[in-house]
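[1] Sharing a model prediction with you, sequence too.
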Amino acid sequence: MTTLYWDCFSGIAGNMAVASLLDLGANRQKLIEGLKSINFAEGQIEIIIEERLVDGIRGLYFNTVDDEHQHHHRHDDHNHSGHSHCHEHHDHDHDHDHDHEHEHSHTHCHNDNDDSSDHSHSRSEHGHAPHRGLKEITAMIDAAAISPRARTIAVSCFRELAEAEATVHGKRADEVHFHEVGARDSIADIVGAAICLDDLDVDEVIVSPVHLGSGMVRCAHGIMPVPAPATALLLKGFSVVFDHDVPFELTTPTGAALLRGLQAKAAAGNRIFTRVGHGHGSLKTGRANFLRAFLIESETIKKKSDQITQLTSNIDNATGEELGHAISKFMAAGALDACLIPILMKKGRPGHQLQVLSEQAKAAMIENMIFSLLPTIGVRRCSVDRSTLQRECEEADSNFGRIRVKKITKPDGETVIEPEFDEVIRIAEEQNCAPRKIKQRIVV
């Protein structure tokens with residue numbers, strides 16, 4: 001099991017994500033062959049992979065020839081001398097002395113914060129690409145010569161993107177036709193990232209706070225604030241940073257779709273990483289502009305870390321029956337755990353401290369249940385870090401026949417198999433024996 005950590009201090013765009021994964025060691029030839037197998041109506045896509053040294057930092061740059069031509073034409077139109085021309089190199093390390101300044105965002109067209117020059121950092125999808133819908137893109141991905149897991153990742157990201165666009169425009173997901181994100185270069189970004197993630201055998205993605213930039217961008221539906229509407233919806237639940245000193249879009253809809261489609265989680269707890277990769281963008285933001293990727297040491301993630309919500313309330317005026325009933329209701333509603341701790345309260349009154357652990361998304365609902373089921377007038381809420389061992393529920397053969405068990409993997413890799421206690425009770429009743437004795441006799 002492998003964990004990827006994306007450090008989004010300068011946002012995340014699809015091509016930067018692919019570059020960062022390549023720099024971690026993803027197979028370049030597998031990426032190129034997979035992308036060239038996609039049947040685009042516009043013809044086969046051409047890929048650029050280059051090693052670059054930007055602001056003293058070595059990293060990789062990934063793009064498509066489509067996008068490089070768009071930047072070339074935009075620079076010519078605005079009489080921008082000194083900008084780079086298109087480099088159609090395939091899988092060759094190549095040093096650059098020029099700046100590709102306008103690449104970083106890949107969905108929105110022009111940044112309107114400076115009337116004196118073209119500050120667009122968008123990709124070319126807004127140009128003349130066919131307007132594809134989710135059905136068309138899914139069919140293209142399904143027909144591509146990529147692994148089933150890469151296919152699942154890519155389709156999941158586009159589905160999340162379609163849901164966000166549908167919400168923005170008041171339509172169903174199957175009615176949405178992508179404008180910018182339906183072009184070859186955006187499809188290459190998402191499918192390319194999926195190919196690389198599969199090649200690196202990434203099982204879990206964690207992410208830093210996501211930087212957004214600021215200002216306005218011009219897209220197919222007019223001038224919009226950063227983050228663009230679909231990006232904002234895709235990043236619901238993520239920790240984000242508005243960079244008021246950076247008047248550009250740092251996180252694009254495609255970058256946000258990758259995070260949502262991969263179900264990325266906030267980083268928590270201590271980690272040990274084994275590899276670091278850099279994926280360069282080319283927008284000049286006034287600060288370092290690359291996406292940094294870390295691969296986490298495999299042994300450490302047998303102990304999974306995440307953040308949950310703890311709800312606490314001190315209660316001295318509820319009966320035992322009320323407390324027991326409430327605990328069962330909390331667990332049935334999806335609480336991760338619930339317990340009562342005997343305490344001595346003010347004026348020497350005996351009471352109980354209720355502690356309920358919940359996923360963050362369910363915390364508000366369970367808090368309302370506490371107020372509804374118990375005579376308390378206050379509930380404390382806090383986020384707590386949690387580490388859990390990897391566990392799986394399955395069936396196994398035993399000396400009492402097939403039984404349900406938990407398989408628990410310890411941090412050192414040792415596997416422990418424990419019979420489900422309900423199975424112990426069932427066998428004990430069949431054998432007319434105490435559960436404790438049955439548990440001692442079970443051999444799995």
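    Structure received.
[2] I'd like the next helix or strand past the strand or helix carrying Ser372.
    Element membership of Ser372, judged by DSSP states H and E, is helix 363-373. Scanning forward in sequence from helix 363-373 by DSSP H and E, the next helix or strand is strand 380-398.
[3] Contacts only, for the residue most central in space within the chain.
    In the chain, the residue lying closest to the centroid (CA atoms, centre = their mean) is Ala264, at 2.3 Å. Ala264 is in contact with 6, 205-207, 238, counting by CB atoms under 8 Å, 6 or more residues apart in numbering. All C-beta spots, glycine's among them, are computed from the backbone N, C-alpha and C.
[4] repeat for Leu357
    For Leu357, the contact set (CB under 8 Å, 6+ apart) comprises 308-311, 335-338, 384, 386.
[5] I'd like to know which of those residues is nearest to His325.
    Nearest to His325 among the contacts of Leu357, counting by CB to CB, is Ala338 at 11.7 Å.
[6] doesn't Leu354 make contact with the closest one?
    Yes - in this structure, Ala338 is within contact of Leu354 by CB atoms under 8 Å, at 7.4 Å.
[7] Helices of the stretch 51-200 of the chain, start to end?
    Secondary structure of the stretch 51-200 of the chain (DSSP state H, counting those that start in this stretch): helices located at 65-77, 134-143, 148-169, 184-199.
[8] can you list contacts of the helix or strand following the last one?
    By that I understand helix 184-199. Once helix 184-199 ends, the next helix or strand along the chain (criterion: DSSP H and E) is strand 202-207. Strand 202-207 is contacted from outside by 1-6, 8, 197, 238, 259, 262-268, 301, 304, using CB under 8 Å, 6+ apart.
[9] let's see it at 10 Å
    By CB atoms under 10 Å, 6 or more residues apart in numbering, the residues outside strand 202-207 that reach it are 1-8, 12, 21, 24, 26, 149, 153, 196-197, 238-239, 258-259, 261-269, 271, 293-296, 298, 301, 304-306.
[10] Same check on stretch 330-347?
    With CB under 10 Å, 6+ apart as the test, stretch 330-347 has contacts from 308-312, 314-316, 318, 320, 323-324, 326-329, 349-359, 361-363, 365-366, 369-370, 373, 386, 388.
[11] Which of the contacts of strand 202-207 fall in helices?
    Members of those lying in helices (criterion: DSSP state H): 21, 24, 149, 153, 196-197, 258-259, 261.
[12] low-scoring pLDDT stretches of the protein, where are they?
    By pLDDT under 70, the low-scoring segments of the chain are 1, 66-130, 179-182, 220-221, 297-304, 412.
[13] can you list the domains in it?
    Listed by automatic domain parsing, the domain ranges of the chain are 2-296, 303-387, 389-441.
[14] and those domains, which is most packed in?
    Each of these was scored by mean neighbour count; the highest is domain 2-296, a mean of 20, by mean count of other CB atoms under 10 Å.
[15] can you give me the offset of stretch 358-378 from its chain's centre?
    Computed by CA atoms, centre = their mean, to the nearest Å, the separation of stretch 358-378 from the middle of its chain amounts to 28 Å.
[16] just stretch 167-182 next, same as before
    Mean C-alpha position of stretch 167-182 versus that of the full chain (CA atoms, centre = their mean) differs by 21 Å.
[17] Export only the CA atoms of that stretch, formatted as CSV.
    Extracted in CSV, the C-alpha atoms of stretch 167-182 (Å, rounded to 0.1, in the frame of the first residue of the first chain):
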residue,chain,number,x,y,z
THR,A,167,-24.7,21.9,-10.2
VAL,A,168,-23.3,25.2,-11.5
HIS,A,169,-25.4,25.3,-14.6
GLY,A,170,-28.6,23.7,-13.1
LYS,A,171,-28.4,20.6,-15.3
ARG,A,172,-28.0,16.9,-15.0
ALA,A,173,-24.5,15.5,-15.2
ASP,A,174,-25.3,13.6,-18.5
GLU,A,175,-26.5,16.9,-20.0
VAL,A,176,-23.3,18.8,-19.4
HIS,A,177,-20.9,19.4,-22.3
PHE,A,178,-17.4,20.3,-21.3
HIS,A,179,-16.0,23.4,-23.0
GLU,A,180,-12.4,23.8,-21.8
VAL,A,181,-12.1,20.5,-20.0
GLY,A,182,-13.3,18.4,-23.0
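[18] Show me which of the contacts of Ala264 is closest to Asn63.
    Comparing these against Asn63 with CB to CB places Trp6 closest, at 18.8 Å.
[19] For that closest one, give the beta-bridge partners.
    In this structure, Trp6 bridges to Val207, Ala293 when assessed by DSSP bridges.
[20] so how far is Ser239 from it?
    The span separating Trp6 from Ser239 equals 13 Å under the rule CB to CB, to the nearest Å.
[21] shared neighbours of these two, which are they?
    The contact lists of Trp6 and Ser239 share 207-208, 210, 267, where a contact means CB under 10 Å, 6+ apart.
[22] now those residues in TSV, with distance to Arg441?
    Converted to TSV, these look like this (distance: CB to CB, whole Å):
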residue	distance to Arg441
Val207	48
Ser208	51
Val210	54
Ala267	45
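[23] which one of these sits closest to Asp201?
    Asp201 has its nearest neighbour among the shared contacts of Trp6 and Ser239 in Val207, at 18.5 Å by CB to CB.
[24] What segments of the stretch 201-350 of the chain are helices?
    229-234, 253-261, 320-332.
[25] Of those, which is nearest Asp189?
    Of all the helices of the stretch 201-350 of the chain, it is helix 253-261 that lies closest to Asp189, at 5.4 Å by CB to CB.
[26] helices or strands up against the closest one?
    Packed against helix 253-261 by the contact rule (3 or more CB pairs under 10 Å, 6 or more residues apart in numbering; DSSP states H and E) you find strand 2-7, helix 14-24, helix 148-169, helix 184-199, strand 202-207, strand 210-213, helix 229-234.
[27] Just send the ones you listed back as JSON lines, with distance to Asn63 too.
    Formatted as JSON lines, those follow (distance: least, CB to CB, whole Å):
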{"stretch": "strand 2-7", "distance to Asn63": "19"}
{"stretch": "helix 14-24", "distance to Asn63": "5"}
{"stretch": "helix 148-169", "distance to Asn63": "18"}
{"stretch": "helix 184-199", "distance to Asn63": "7"}
{"stretch": "strand 202-207", "distance to Asn63": "22"}
{"stretch": "strand 210-213", "distance to Asn63": "20"}
{"stretch": "helix 229-234", "distance to Asn63": "20"}
